[in-house]
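A.B. asks: what follows is a predicted protein model with its sequence.
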Amino acid sequence: ALQALRKKEDLNAGDKILINGGCGGVGTFAIQMAKAAGLEITAVDSAEKLDVAKSLGADHVIDYRKADFTRHGIGYDLILDVRSNRSIFAYRRALGPNGVYASVGGESAALIQLALLGPLIKRMEGKLLTLVIHQPNLGLDVIGEWFESGTVAPVIDRCFPLDRTADALRYFGEGHFKGKIVITMGTKS
């Protein structure tokens, strides 16, 4: 989440960020980090999860089943996308001038489109559409400070003992989780 936030180098307090998939494992961290930076946050997820986004500090929430954020006419300074489930042209439409779209995962067709067309859009329009490639340990000093101060904390949906890992994966695959799913070393829940 932090590495995606850093893709837009000139973010300032009050800038607009949209987090698509805002209530999952990465999204819940991204909301808290964006809040710490003073950004105006819009979180997109399913209606039953949006209470989590609000509790973490999202200024606006969108139920993706009822509204398409790429058609609202709002130009976001940064879109942090965990889902990557729309075309690159839809994301481009939702970016403001010199906006940045940073994908941290999602559907392979969208990621391939991003890799192929992102550089062309950057050259033509100045909008950066990029895939975040995880760099181990980058930003750990800042994250450590945020954890120690309580600015950022993990949101844990459920814990599963090791012998129920298959159940945890099934639950993850259903997509109803809010925050992180934890596998513990114990057995029997």
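C.D. replies: Nice, I can see it.
A.B. asks: poorly predicted segments of this protein, please.
C.D. replies: Within the chain, the ranges that satisfy pLDDT under 70 run 187-189.
A.B. asks: strands of that one, start to end?
C.D. replies: For the chain, applying DSSP state E gives strands covering 16-20, 40-45, 60-63, 76-81, 95-103, 128-131, 156-161, 180-184.
A.B. asks: quick check: closest non-adjacent residue to residue 152.
C.D. replies: Excluding the flanking residues, the one nearest residue 152 by Cβ to Cβ, 6 or more residues apart in numbering is residue 146, at 3.9 Å. Quick note: C-beta positions are derived from backbone N, CA and C, even for glycine.
A.B. asks: doesn't residue 183 make contact with residue 162?
C.D. replies: Yes: with contact defined as Cβ atoms under 8 Å, residue 162 reaches residue 183; the gap is 6.0 Å.
A.B. asks: rewinding a little: count the neighbours of the residue nearest to residue 152 for me.
C.D. replies: Counted with other Cβ atoms under 10 Å, residues neighbouring residue 146 total 18.
A.B. asks: distance of it relative to residue 108?
C.D. replies: Summarising the geometry, the distance separating residue 146 from residue 108, computed by Cβ to Cβ, to the nearest Å, is 32 Å.
A.B. asks: for the residue nearest to residue 3 when sequence neighbours are not counted, list the residues it contacts.
C.D. replies: Distance criterion Cβ to Cβ, 6+ apart; nearest residue to residue 3, sequence neighbours excluded, is residue 132 at 5.4 Å. Contacts here follow Cβ atoms under 8 Å, 6 or more residues apart in numbering; on that basis residue 132 touches 3-4, 7, 102-104.
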